[in-house]
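Undergrad: build me a model from this:
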Amino acid sequence: MFHFQVPVPDWPRAAEILPVGYLIKAIDNVQMLDEAKRHNPNLITDLRHYVAHQHPGNTLDENIILARQFFDTFIDGTFMEYAHNVDYIEDWNEYFGNTQSPEEKQRFIFWAMAAVRVWALEYRSRPGLGHIRLIVGNTAIGNDIPLDVAQAASSYDAVVGYHPYWPVRYNNLLPDEWIWYSGRWTVMDDYYRQEGYTVDWAFTEAGSIRYWLNGGVSLDPYGGWRHPECHDYNLNEYLLKIKYWMDNWYAWNQSNNDRALPPVLFNSNLGGGAWAHFNLVQPQLDIIAEFVSRWVPQTPEPPGGECRGAPRIQYHRVYNVLSSHIDEATAQSIFVDAMRHNKQTVGFSYDDAGIGDLDNRLARLHGIPANERQTFIEWYNQNYPGVVIEFVD
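TA: Numbers count the residues shown, from 1 in each chain. Next up is the predicted model:
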């Protein structure tokens, strides 16, 4: 439930209150995890080893070497002394992003594949480490984790990590935020299972985060619950949003074999530093722990309210999407052609072409260069599975 950069005064008191199965995460402090277990043996513990530079190699073999070097920096004599009280460790942090080039993304995919393989085959096989699972990915809010990572995690008994912050402005949640932000992992999970891979989930950072609108949604990486435009230090409002997320998380777990671990709220530190607006210290730690211990899950409404996407009847939809490469004359000809062919839909939104509870959806993408097409295929597979894609020159 708590993310400790450093031990803060009286933190064990809150650890003793937490219910069975909740997490304590520490940064480079395996002794703290051991202490947490001694105060409350029912807790789950997670260690992250911080590295300043995350530069993957170009091939799987290069990343296998890097993975060995990474684990060797903290799997040492001190770690082995306390390893019996460590349940999870993490690899690198927040290294996947939806704006990455295919080449950059592939290098990080190789890293993730190498990390789970090396941990499973070369470290977890050692005496005293067999019970420790690796959390891989730890992806920032709103970004998708490639299918290859889910495949590797499924093959080597690793856990996929995501950071489900929930966007808030003046105590109000961003409307319909679940599928794009704090619940994005459920969308990924649906896609993975359709492709034949079932994974467990860990949420190694979470909490309220300030957002604003500027031609789209922008998130403030430093705007936590204390920020004047988030909860303005109002812990009661923060607890309401924690409950919102946990109710959704609990409902998902109920129908998915409890594959998702409880959240870890970022962040506890002595001075706060860059993350001062996120800081959780005493008495907030005790109050949150007490809240969680008394929390009674309520089945929430479907994210965004009742479903408004069901069609009146099933029909075969054809949606022509015009890319930014299309000039005005070409756009006019596409509109005329679509009108003559059963009055097909024409627009500019790739989301509109995929959305809707329809059995037959054809997205005709106009003007997409050949070197960008695979990116669109992967995007639709992840976000709108089942859409048939046709590229039109």
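
Undergrad: any regions of this structure where pLDDT drops low?
TA: Along the chain, segments meeting pLDDT under 70 span 299-309, 312, 341-342.

Undergrad: tell me the domain ranges of it?
TA: Residue ranges for the domains of the chain, per automatic domain parsing: 2-294, 316-392.

Undergrad: endpoints of the longest one, how far apart?
TA: With Cα to Cα, to the nearest Å applied, domain 2-294 spans 17 Å between its terminal residues.

Undergrad: could you do the last one as well?
TA: From the first residue to the last, domain 316-392 extends over 19 Å; the measure is Cα to Cα.

Undergrad: before we move on, what about stretch 50-69?
TA: Using Cα to Cα, the two ends of stretch 50-69 sit 13 Å apart.

Undergrad: can you pull the buried residues of that stretch?
TA: P56, G57, N63, I64, L66, A67 (16 or more other Cβ atoms under 10 Å). Where you see a C-beta, it was placed from the backbone N, CA and C, and this is true even at glycine.

Undergrad: any idea how far the fifth one is from D72?
TA: Taking Cβ to Cβ, to the nearest Å as the criterion, L66 is separated from D72 by 11 Å.

Undergrad: same deal with the third one?
TA: When distances are taken as Cβ to Cβ, N63 and D72 turn out to be 15 Å apart.

Undergrad: over to the fourth one?
TA: Counting by Cβ to Cβ, the gap between I64 and D72 amounts to 13 Å.

Undergrad: over to the second one?
TA: Separation of G57 from D72 (Cβ to Cβ): 16 Å.

Undergrad: so what's W212 closest to, chain neighbours aside?
TA: S218 (5.4 Å; Cβ to Cβ, 6 or more residues apart in numbering).

Undergrad: parallel or antiparallel, list what pairs with the host helix or strand of that neighbour.
TA: In the assignment (DSSP states H and E), S218 maps to strand 217-219. Sheet pairing here is set by DSSP bridges, and for strand 217-219 it gives strand 200-213 (antiparallel).

Undergrad: grab the most central residue of this structure for me.
TA: Y162 (2.6 Å; Cα atoms, centre = their mean).

Undergrad: nearest residue to that one in space, please, no chain neighbours.
TA: W185 is the one closest to Y162 (Cβ to Cβ, 6+ apart), at 4.4 Å.

Undergrad: and the angle from the helix or strand where that neighbour lies to strand 200-213?
TA: Secondary structure from DSSP H and E places W185 in helix 184-194. If you take axes from the mean of the first three to the mean of the last three Cα atoms, to 10 degrees, helix 184-194 sits at 140 degrees to strand 200-213.

Undergrad: for helix 184-194, name the packing helices and strands.
TA: For helix 184-194, the elements it packs on are helix 147-155, strand 159-162, strand 200-213, helix 373-383, judged by 3 or more Cβ pairs under 8 Å, 6 or more residues apart in numbering; DSSP states H and E.

Undergrad: out of those, indicate the one that is most buried.
TA: strand 159-162 (a mean of 28; mean count of other Cβ atoms under 10 Å).

Undergrad: what angle separates the next helix or strand after it from strand 200-213?
TA: Downstream of strand 159-162, the next assigned helix or strand under DSSP H and E is strand 165-169. In terms of direction (the same axes, to 10 degrees), strand 165-169 departs from strand 200-213 by 20 degrees.

Undergrad: from the chain's centre, how far out is whichever helix or strand comes after strand 165-169? Work that out for me.
TA: Going down the chain from strand 165-169, the next helix or strand is strand 172-173, by DSSP H and E. Averaging C-alpha positions (Cα atoms, centre = their mean, to the nearest Å) puts strand 172-173 20 Å from its chain's average.

Undergrad: got a list of contacts for strand 172-173?
TA: Applying Cβ atoms under 8 Å, 6 or more residues apart in numbering, the contact partners of strand 172-173 are W166, P167, K241, Y244.

Undergrad: ok, the first one - contacts?
TA: The neighbourhood of W166, defined by Cβ under 8 Å, 6+ apart, consists of L173, L174, E177, Y181, S182, A206, G207, S208, I209, K241, Y244, W245.

Undergrad: how about a cut-off of 6 Å?
TA: By Cβ atoms under 6 Å, 6 or more residues apart in numbering, the contact set of W166 is S182, S208, K241, W245.

Undergrad: try the third one
TA: Residues in contact with K241, defined by Cβ under 6 Å, 6+ apart, are W166, S208.

Undergrad: am I right that it is in a strand?
TA: No: secondary structure of K241 (DSSP: H, G, I helix; E, B strand; the rest coil): helix, not part of a strand.

Undergrad: mind starting the numbering at 749 from now?
TA: I'll keep to 749 as the first residue from here, and by that count the last item is K989.

Undergrad: any idea how far it lies from E1038?
TA: Counting by Cβ to Cβ, the gap from K989 to E1038 is 17 Å.

Undergrad: try the last one
TA: As judged by Cβ to Cβ, Y992 and E1038 stand 18 Å apart.
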